[in-house]
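A.B. asks: only geometry, no sequence info:
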């Protein structure tokens, strides 16, 4: 009995541990982008929009296909509707008096089927074209979502790497400062320097600790933001396999600055063309309302009558009926209502053309700006790298002078603050290179 209890307990613990175990994800930047394109919430719904558009296209198509309907009607009459006739006629009765008669049977059942077919309708033909355009709009919306996701993932990935590198640098700075502070305290105890030197280092160390705490918080926040973009639960673990330096080097592409901008390849311009096409079709739809429409219908069925419910009997008599009909509808005069709607649609079309032209000009301006920003980010990275190297040398020289008593704590602290600032500038310049290239590639429709 005791062994069974222990075995049950161990199995329960194993199950609980399996439930508590979180999945770990490990991604390079490209792997993160691929994962987001499949699992991001917006990407998932964009795929659903395409599927819904396909169903909508088929729904529109079926309007012009044969439609078959069947039905069964049963009527039980409790009290007949009376009809009044004057007496003395073919119904008999006293001349000059009103007699009433009831027509029909207590029980009636009708089984019927109908086949309808649209032969011609101008609005249906326009509707088919509109359904195709609607599908194209959904597909382009998916492309735009993917492009925006790529840029967002790139920015978020870079922000996480920036936070991680900031934490590492600040931890290193903190360790160096703590050692310098301890050494300075020992020198102060021996009366070789003033207390101000110790206090100045304590102020600097306090600032570094505060910056480290903030960077750790930002690391957590930026990681969770990246998880959200990737479609990963915030409780799961995420490991980034790319490092900031190599990722920056991989995003150096001077050939990209020489590429020509073809506005028709840009997804925003293509979406503008979709809007223009939809407005054109709306105008055609309003015009089509002035055209005749033609349809046909074939009806077939059986009916039966009885005073008792005998419709299930084998000898019950059923009467068949059938007919074929053609319907022609010709619009003649609408008091210029149709014309007013057509003119409104035409104005909307002209507006969409103007908006497309505006979009073209804006995109060209955005491209020039994005190209300039990317080129500037490359220059800033080179400058920040040189400045960091220079700041490290200055700080190192000031540290030696400070230890030897040849420099004041103020000069040493100023050199340290300058170094910390250049470290952050260098990290931010690397992220800027990555982000600005992503923006430029989105405008160029680079995969």
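C.D. replies: Ah, there it is. Keep in mind it's a predicted model, so treat the numbers as computed, not measured. Numbering: from 1, shown residues only.

A.B. asks: look up the closest residue to residue 226, ignoring the ones flanking it.
C.D. replies: Of all residues not flanking residue 226 in the chain, residue 156 sits nearest, at 4.2 Å (CB to CB, 6 or more residues apart in numbering). C-beta coordinates here come from the backbone N, C-alpha and C atoms, glycine included.

A.B. asks: I figured that neighbour hits residue 225, correct?
C.D. replies: Yes. Counting by CB atoms under 8 Å, residue 156 touches residue 225, with 5.6 Å between them.

A.B. asks: between the two, which is the more surrounded one?
C.D. replies: residue 156 (21 against 16; other CB atoms under 10 Å).

A.B. asks: in a helix, the more buried one, correct?
C.D. replies: Yes. With DSSP: H, G, I helix; E, B strand; the rest coil as the criterion, residue 156 is assigned to a helix.

A.B. asks: show me what contacts it?
C.D. replies: 222, 225, 226, 229 (CB atoms under 8 Å, 6 or more residues apart in numbering).

A.B. asks: just checking, what packs against the one helix or strand the third one maps to?
C.D. replies: Here residue 226 is covered by helix 195-230, with elements defined by DSSP states H and E. Based on contacts counted as 3 or more CB pairs under 8 Å, 6 or more residues apart in numbering; DSSP states H and E, the elements that helix 195-230 packs against are helix 29-39, helix 122-189, strand 237-240, helix 409-443.

A.B. asks: what angle separates that helix from helix 409-443?
C.D. replies: 10 degrees (axes from the mean of the first three to the mean of the last three CA atoms, to 10 degrees).

A.B. asks: give me the mean pLDDT for helix 195-230.
C.D. replies: For helix 195-230, the mean pLDDT works out to 92.

A.B. asks: again with stretch 66-80
C.D. replies: So the average pLDDT for stretch 66-80 ends up being 92.

A.B. asks: and for stretch 357-368?
C.D. replies: When pLDDT is averaged along stretch 357-368, the result is 97.

A.B. asks: mind listing what's buried in it?
C.D. replies: By neighbour count on 16 or more other CB atoms under 10 Å, the buried set for stretch 357-368 is 359, 360, 363, 366, 367.

A.B. asks: I'd assumed residue 273 was in contact with the first one.
C.D. replies: What it means is residue 359. No. Assessed by CB under 8 Å, residue 359 is found out of contact with residue 273, at 9.3 Å.

A.B. asks: break the chain into its domains for me.
C.D. replies: What automatic domain parsing lists as the domains of the chain is 23-64+121-291+335-443, 67-119+294-330.

A.B. asks: how far is the last one from where the chain is centred?
C.D. replies: On the basis of CA atoms, centre = their mean, to the nearest Å, domain 67-119+294-330 sits 56 Å off its chain's mean C-alpha point.

A.B. asks: what does the longest one give?
C.D. replies: Put simply, domain 23-64+121-291+335-443 sits 16 Å off its chain's centre (CA atoms, centre = their mean).

A.B. asks: how long is that domain end to end?
C.D. replies: In domain 23-64+121-291+335-443, first residue to last residue: 36 Å (CA to CA, to the nearest Å).

A.B. asks: now do stretch 247-255, average pLDDT.
C.D. replies: 92.

A.B. asks: residues making contact with it?
C.D. replies: Contacts for stretch 247-255 (CB under 8 Å, 6+ apart): 29, 158, 161, 378, 381, 430, 433, 434, 437.

A.B. asks: buried sites along that stretch?
C.D. replies: Across stretch 247-255, burial judged by 16+ other CB under 10 Å covers 247, 248, 251, 253.

A.B. asks: before we move on, what about stretch 373-389?
C.D. replies: Buried residues in stretch 373-389, defined by neighbour count with 16+ other CB under 10 Å: 374, 377, 378, 380, 381, 384, 385, 387, 388.

A.B. asks: what do you get for stretch 387-402?
C.D. replies: Residues of stretch 387-402 classed as buried: 387, 388, 391, 394, 395, 398, 399, 402 (neighbour count, 16+ other CB under 10 Å).

A.B. asks: now the buried residues of stretch 373-389 in CSV, with pLDDT and secondary structure?
C.D. replies: Listed next are those as CSV, based on pLDDT from 0 to 100; DSSP: H, G, I helix; E, B strand; the rest coil:
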residue, pLDDT, secondary structure
374, 96, helix
377, 96, helix
378, 96, helix
380, 96, helix
381, 96, helix
384, 96, helix
385, 95, helix
387, 96, helix
388, 95, helix
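
A.B. asks: take the buried residues of stretch 387-402 and keep only those in helices.
C.D. replies: Among these, the members falling in helices (DSSP state H) are 387, 388, 391, 394, 395, 398, 399, 402.

A.B. asks: could those go into a markdown table alongside distance to residue 70?
C.D. replies: Shown next, in a markdown table, are these (distance: CB to CB, whole Å):
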| residue | distance to residue 70 |
| --- | --- |
| 387 | 83 |
| 388 | 82 |
| 391 | 86 |
| 394 | 92 |
| 395 | 90 |
| 398 | 95 |
| 399 | 94 |
| 402 | 98 |
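
A.B. asks: list just the nearest of the residues you listed to residue 38.
C.D. replies: residue 388 (38.6 Å; CB to CB).

A.B. asks: tell me the contacts of the closest one?
C.D. replies: By CB under 8 Å, 6+ apart, the residues touching residue 388 are 419, 422, 423, 425, 426.

A.B. asks: quick one, helices of the stretch 1-150 of the chain?
C.D. replies: Assigned by DSSP state H, counting those that start in this stretch, the helices in the stretch 1-150 of the chain fall at 2-20, 29-39, 41-62, 122-189.

A.B. asks: which secondary structure elements does the third one contact?
C.D. replies: The elements that helix 41-62 packs onto, with contact taken as 3+ CB pairs under 8 Å, 6+ apart, are helix 122-189.

A.B. asks: now do whatever helix or strand residue 369 lives in and helix 122-189, the angle between them.
C.D. replies: According to DSSP H and E, residue 369 maps onto helix 337-403. Angle of helix 337-403 versus helix 122-189, following the same axes, to 10 degrees, is 10 degrees.

A.B. asks: renumber starting at 881 from here on
C.D. replies: Sure, I'll start numbering at 881, so the last one becomes helix 1217-1283.
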